[in-house]
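1. Any chance you can model this:
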Amino acid sequence: MKLKTIDYLVGIIDNIVSDKYLSKLQEFLLSGAIFTDASQVLVMIIIFISLSDLILAFSILMFNLPESTLVLPLFVIPGLFTYVIVKQERRAQEIEKTAPDFLRQLSSMLQVGLSFENAMEDMSQYGEGPMYDEMRRTIIEIRMGRNFDEAWRAMSKRLKSRELERVFEIILDARKSGSSITNVLSDVSDDLRELLALKRERKSAVMMSVMFLIISAIIATPFAIGMVSVYAGFMEIYGMQSNIVLTAPIVGQIYLIIHSVLVAFIISIIMYGELKKGIKFSLPLAVASFSIFYFISNFGGSLLMGGLYG
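-> Sure, this is the predicted structure:
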């Protein structure tokens with residue numbers, strides 16, 4: 001019965017969402033080592049959010065929880081994206097570590113007289129790791145009739161590394177122009193090794209700035225906004241309500257979300273030079289900042305009063 005219900009919902013998703021978007025989502029999930037069908041993932045997310053909200057609605061009635069807790073299940077969506085992006089980055093880092101040696105080995109095989117395609121095939125049979133997995137996929141695509149240039153470019157994009165994408169484009173241009181591909185491979189291997197070393201040094205150099213931003217996002221800002229909520233609570237107790245006092249906690253929570261996202265994107269720009277990877281920082285920062293805010297806003301008043309009269 002459960003399987004029939006899921007299959008029915010999957011059919012609805014397939015009819016509502018276009019194949020183009022489902023294909024993009026499937027490719028995104030595969031890049032994070034999630035091999036479940038994209039339609040099934042969407043159905044599972046919908047079921048999870050619906051059931052979680054039902055349980056939370058019951059808990060709100062029974063335990064007088066704030067109604068804002070109904071939003072919590074929605075965090076599964078950015079949570080999934082964060083998981084996939086983190087997996088992509090770890091995979092890209094592993095590929096970047098092996099890429100210089102991979103290119104050097106490819107150059108050596110070409111020097112003994114193998115063609116580019118045969119050298120790729122031989123290496124893919126014995127190598128292990130994501131770099132060789134991508135090589136095997138590329139060879140299969142070429143065998144199935146895909147143009148070599150298209151398959152090579154598709155592989156470079158799947159690696160999720162701007163440095164490797166540029167290097168692979170240089171190799172492709174050299175192959176098309178008839179240049180000495182062995183020399184090009186050796187040169188780009190050395191250049192890539194130096195470039196990746198500089199990238200690691202740059203990341204280490206900016207960690208102090210990143211730590212300052214993280215402390216601002218998960219400690220300083222939520223603490224300050226939490227104390228605003230405590231102050232608003234005191235004003236309400238003593239009958240000094242106003243529109244500003246009533247709306248301050250809500251505005252503060254909205255600001256926390258905006259602040260967490262902005263800090264995440266700033267960290268991404270500092271560390272990687274691009275915005276997209278900020279998504280992986282957004283959810284952890286938002287969860288951590290809300291945890292501090294929730295603790296201060298709910299228990300800060302008691303701790304403050306205890307300190308004053310203790």
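
2. residues touching Asp14, list them.
-> 22, 39 (Cβ atoms under 8 Å, 6 or more residues apart in numbering). Yep, even glycine has a C-beta here, placed from its N, CA and C like the rest.

3. go on, Glu89?
-> Contacts of Glu89 (Cβ under 8 Å, 6+ apart): 160, 277, 280.

4. For Phe223, which non-adjacent residue is spatially closest?
-> Spatial nearest neighbour of Phe223, excluding adjacent residues (Cβ to Cβ, 6 or more residues apart in numbering): Ile296 at 5.7 Å.

5. other SSEs contacting the one helix or strand that neighbour maps to?
-> Assigned by DSSP states H and E, Ile296 belongs to helix 279-309. Here helix 279-309 touches helix 76-111, helix 221-237, helix 243-272, going by 3 or more Cβ pairs under 8 Å, 6 or more residues apart in numbering; DSSP states H and E.

6. Can you point out the buried residues in the shortest one?
-> Neighbour-count burial for helix 221-237 flags 221-222, 225-233, 235 (criterion: 16 or more other Cβ atoms under 10 Å).

7. got the angle between it and helix 243-272?
-> Per axes from the mean of the first three to the mean of the last three Cα atoms, to 10 degrees, the angle that helix 221-237 makes with helix 243-272 is 170 degrees.

8. rewinding a little: any idea of the mean pLDDT in the helix holding Ile296?
-> Mean per-residue pLDDT for helix 279-309: 76.

9. cool, and stretch 148-159?
-> Mean predicted lDDT for stretch 148-159 stands at 90.

10. can you list the contacts of Glu89 in a markdown table and add neighbour count and distance to Phe58?
-> Output for those, formatted as a markdown table (neighbours: other Cβ atoms under 10 Å; distance: Cβ to Cβ, whole Å):
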| residue | neighbour count | distance to Phe58 |
| --- | --- | --- |
| Lys160 | 20 | 42 |
| Lys277 | 20 | 38 |
| Lys280 | 21 | 33 |
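
11. still on that earlier bit, mind checking how far the helix holding Ile296 is from the chain centre?
-> 25 Å (Cα atoms, centre = their mean, to the nearest Å).

12. got the CA coordinates for stretch 70-85 in PDB?
-> Taking C-alpha atoms only, stretch 70-85 is exported to PDB below (Å, rounded to 0.1, in the frame of the first residue of the first chain):
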ATOM      1  CA  LEU A  70       6.000  24.800  11.900                       C
ATOM      2  CA  VAL A  71       8.700  26.300   9.600                       C
ATOM      3  CA  LEU A  72      11.400  23.800  10.900                       C
ATOM      4  CA  PRO A  73      10.600  20.900   8.500                       C
ATOM      5  CA  LEU A  74      11.200  23.300   5.500                       C
ATOM      6  CA  PHE A  75      14.900  23.300   6.500                       C
ATOM      7  CA  VAL A  76      15.100  19.800   4.900                       C
ATOM      8  CA  ILE A  77      15.300  21.500   1.500                       C
ATOM      9  CA  PRO A  78      18.300  23.700   2.100                       C
ATOM     10  CA  GLY A  79      19.700  20.800   4.200                       C
ATOM     11  CA  LEU A  80      19.600  18.500   1.200                       C
ATOM     12  CA  PHE A  81      21.300  21.200  -1.000                       C
ATOM     13  CA  THR A  82      23.900  21.800   1.700                       C
ATOM     14  CA  TYR A  83      24.600  18.000   1.900                       C
ATOM     15  CA  VAL A  84      25.000  17.700  -1.900                       C
ATOM     16  CA  ILE A  85      27.300  20.800  -2.200                       C
END
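
13. So what touches it?
-> 28-29, 31-32, 34, 41, 45, 48-49, 52-53, 56-57, 60, 276-277, 279-280, 282-284, 286-287.

14. now the helix or strand bottoming out on mean pLDDT in the chain against helix 243-272, angle please.
-> Ranked by mean pLDDT, DSSP states H and E, the helix or strand of the chain with the weakest confidence is helix 279-309, at a mean of 76. Interaxial angle of helix 279-309 relative to helix 243-272 (the same axes, to 10 degrees): 130 degrees.

15. Any buried residues in helix 279-309, and which?
-> For helix 279-309, the neighbour count (16+ other Cβ under 10 Å) marks 279-286, 288-290, 292-294, 296-297, 300-301 as buried.

16. picking up where we left off before, quick one: the residue nearest to Phe223 from Arg175, how far?
-> 60 Å (Cβ to Cβ, to the nearest Å).

17. likewise Val230?
-> Distance from Val230 to Arg175, by Cβ to Cβ: 66 Å.

18. and what of Ile292?
-> 54 Å.

19. just Gln93 next, same as before
-> 27 Å.

20. One more: Leu103?
-> 13 Å.

21. Neighbour count: those two, which is higher?
-> Comparing Leu103 with Arg175 by other Cβ atoms under 10 Å, the one with more neighbours is Leu103, at 25 against 16.

22. Give the closest residue to that one in space, chain neighbours not counted.
-> Nearest to Leu103 is Ser189, by Cβ to Cβ, 6+ apart, at 4.0 Å.
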